[in-house]
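**Q** coordinates only, no sequence provided:
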């Protein structure tokens, strides 16, 4: 085995664990202050995501025209995709147009945040840190509850959410706590966990195959060393698979948020 | 630096600084996109719909105008044809009337001329008769006078006188024709 492989191997922590998701503060002096975790590769990726989106959309939509330019068309189709296939599809024309801007922002933010998982040199999504999916989940929770309370009033919303119509009264003591838990407590948790777990697992899988390749390379057996190529091939394949997960999870998060809002707006549960 | 709790459950405990960063970053993104970009996109969509619908509406209006104009021209054409037919009929009627009038006039003129001819002929005849009557009277008187005077002288001379008279009579028409 080569020297460089030895050097690499000394840095390896195989199998990868939760430590693999920890990033050092960029400024060591901040580690013990309140600003710890504020300047890391993760937060940098978050800011870069926001910056890319803001710059692109402001630039693409500087001078909108009836007959769009190519970049204007690109920006419009991103918005139009979420607006038409998610928002209006789920919420109907009136509410769909009303919530389309938020849902689109949410979708774009998540998909680009997820995308860092396969960007070389970063290769980890900020969404593999529970804090970011949790923030988004809580926001969705706040929005659909606010919409519901605004439409039905506080008690009316509680009733609409927790009391399923048509159920026999004697089953209420069982149904109401379940519905309450499911609709008002667990929704943001499942939203956040689903996104987080997918990105977490994705990163872990990439790590397993990539690091696994190096570990195999450390073997003294030539046959086992050559298997490392297979491992890396899998890492590449998994990267493509990850691409699907990235888009799918962003879509699912957005779609579920739209569905929850729709549930709050519906007259009946 | 994140210190994950032992056992792996630590990954489920959000780092509060990251929540703050995420909230601020996402809030900023929402603010910019939802305030400056997407509403303008909706406006553009509306303008586009307006432009397309307006175009269709304009085309429909133009079509209606064209239809109306065509209809008007057709009506005018039909009117013109009717008018032309009416004029033609009128002209034909006029021509017939004129022909009738001319014929009547001609006939009347002819009749008048014929009548005038008749009248003149009649007048000439009357005059001739009158003249002849007086002439015949005179001649008879002359003849009688001559016969009487000749009888008195000679029977042969009477015969000659008669011959002479008859010769004068045959000369007479030439003299009257010259008149």
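**A** Done, it's in. Quick caveat, the model's predicted, so the values are computed rather than measured.

**Q** give me the pLDDT for residue B:122.
**A** Looking at residue B:122, its pLDDT reads 91.

**Q** in what helix or strand does it lie?
**A** helix B:38-153 (DSSP states H and E).

**Q** that helix - contacts with which helices or strands?
**A** Applying 3 or more Cβ pairs under 8 Å, 6 or more residues apart in numbering or on different chains; DSSP states H and E, we find helix B:38-153 packed against helix A:70-81, helix A:89-115, helix B:155-178. From N, CA and C alone the C-beta is placed, and that goes for glycine too.

**Q** tell me the helices and strands packed up against the helix or strand where residue A:136 lies.
**A** Here residue A:136, judged by DSSP H and E, is contained in helix A:131-152. Secondary-structure packing of helix A:131-152 (3+ Cβ pairs under 8 Å, 6+ apart): helix A:89-115, helix A:154-162, helix A:187-217, helix A:222-265, helix B:16-32.

**Q** list the buried ones in it?
**A** Going by neighbour count (16 or more other Cβ atoms under 10 Å in any protein chain shown), the buried part of helix A:131-152 is A:131-141, A:143-145, A:147-149, A:152.

**Q** likewise for stretch B:95-105?
**A** For stretch B:95-105, it's none, nothing buried (16+ other Cβ under 10 Å).

**Q** how far off centre is the helix holding residue B:122?
**A** 13 Å (Cα atoms, centre = their mean, to the nearest Å).

**Q** quick one, it and helix A:89-115 angle?
**A** Interaxial angle, helix B:38-153 versus helix A:89-115 (axes from the mean of the first three to the mean of the last three Cα atoms, to 10 degrees): 130 degrees.

**Q** list phi and psi for residue A:166.
**A** Backbone torsions of residue A:166, given as degrees, to the nearest 10, read phi 90, psi -10.

**Q** can you check residue A:35 too?
**A** phi -90, psi 10.

**Q** which one is it nearest to, not counting chain neighbours?
**A** Distances taken as Cβ to Cβ, 6 or more residues apart in numbering or on different chains put residue B:17 closest to residue A:35, at 7.3 Å, once the chain neighbours are dropped.

**Q** point out where chain B drops to low pLDDT.
**A** B:1-9, B:150-151, B:153-154, B:158, B:172-179 (pLDDT under 70).

**Q** residue B:96 versus the residue positioned nearest the centre of chain B, what's the distance?
**A** Closest residue to the average C-alpha location of chain B: residue B:87 at 3.7 Å, with Cα atoms, centre = their mean. Distance, residue B:87 to residue B:96, using Cβ to Cβ, to the nearest Å: 15 Å.

**Q** please apply the same query to residue A:234.
**A** Shown here: residue A:234 relative to residue B:96, a distance of 111 Å by Cβ to Cβ.

**Q** can you check residue A:144 too?
**A** For residue A:144 relative to residue B:96 (Cβ to Cβ), the value is 96 Å.

**Q** kindly report the same for residue B:31.
**A** According to Cβ to Cβ, residue B:31 and residue B:96 sit 95 Å apart.

**Q** now residue B:55
**A** To residue B:96, residue B:55 is 61 Å away according to Cβ to Cβ.

**Q** residues contacting the residue nearest to residue A:35?
**A** When contacts are counted by Cβ atoms under 8 Å, 6 or more residues apart in numbering or on different chains, residue B:17 touches A:34-38.

**Q** pull out the buried members of those.
**A** Buried subset of the contacts of residue B:17 (neighbour count, 16+ other Cβ under 10 Å): A:36-38.

**Q** quick one: which of those is nearest chain B?
**A** Checking the buried ones among the contacts of residue B:17 against chain B with Cβ to the nearest Cβ, the nearest one is residue A:37 at 4.2 Å.

**Q** that older thread, what subset of the buried ones among the contacts of residue B:17 is also close to chain B?
**A** Checking the buried ones among the contacts of residue B:17 against chain B by Cβ under 8 Å from any Cβ of the partner chain, the ones in range are A:36-38.

**Q** re the thing from before, quick check: angle from the helix holding residue A:136 to helix A:89-115?
**A** Angle, helix A:131-152 to helix A:89-115, by the same axes, to 10 degrees: 160 degrees.

**Q** now helix A:131-152, how far from the chain's geometric center?
**A** 16 Å.

**Q** where does the stretch 151-269 of chain A get nearest to chain B, residue-wise?
**A** Nearest residue of the stretch 151-269 of chain A to chain B: residue A:200, at 6.9 Å (Cβ to the nearest Cβ).

**Q** you'd agree that residue is up against residue A:17?
**A** No - assessed by Cβ atoms under 8 Å, residue A:200 is found out of contact with residue A:17, at 11.6 Å.

**Q** what sits against residue A:82?
**A** A:100, A:103-104, A:107, A:254.

**Q** what's the neighbour count on residue B:13?
**A** The local packing of residue B:13 (other Cβ atoms under 10 Å in any protein chain shown) involves 13 other residues.

**Q** next one: it from chain A, what distance?
**A** 7 Å (Cβ to the nearest Cβ, to the nearest Å).

**Q** just checking, that residue touches residue A:131?
**A** No - counting by Cβ under 8 Å, residue B:13 stays clear of residue A:131, with 9.0 Å between them.

**Q** please identify the helix or strand for residue A:34.
**A** Judged by DSSP H and E, residue A:34 forms part of no helix or strand.

**Q** how about the residue lying closest to residue A:172 once chain neighbours are set aside, what does it touch?
**A** Leaving out its chain neighbours, the residue that sits closest to residue A:172 by Cβ to Cβ, 6+ apart is residue A:163, at 7.0 Å. When contacts are counted by Cβ under 8 Å, 6+ apart, residue A:163 touches A:172, A:175-176, A:179, A:269.

**Q** read off the pLDDT value for residue A:163.
**A** 86.

**Q** and it, its phi and psi?
**A** Main-chain torsions, residue A:163, degrees, to the nearest 10: phi -110, psi 100.

**Q** could you do residue A:64 as well?
**A** In terms of degrees, to the nearest 10, the main-chain angles of residue A:64 are phi -70, psi 140.

**Q** if we can go back for a sec, okay, now the residue of the stretch 151-269 of chain A closest to chain B: neighbour count?
**A** For residue A:200, the count of nearby residues is 24 (other Cβ under 10 Å).

**Q** again with the one 10 residues further on
**A** One way to gauge burial is a neighbour count; for residue A:210, by other Cβ under 10 Å, it gives 20.

**Q** quick one: it and residue A:236 touch, right?
**A** No - Residue A:210 is beyond contact range of residue A:236, at 9.4 Å (criterion: Cβ under 8 Å).

**Q** the residue of the stretch 151-269 of chain A closest to chain B: what's it in contact with?
**A** By Cβ under 8 Å, 6+ apart, residue A:200 lies in contact with A:21, A:128, B:11.

**Q** ok, now which ones touch the second one?
**A** What it means is residue A:128. Residue A:128 neighbours (Cβ under 8 Å, 6+ apart): A:21, A:117, A:196, A:199-200, A:202-203.

**Q** name the member of the residues you listed with the most neighbours.
**A** In terms of neighbour count, residue A:199 stands highest of the contacts of residue A:128 at 28 neighbours, by other Cβ under 10 Å.
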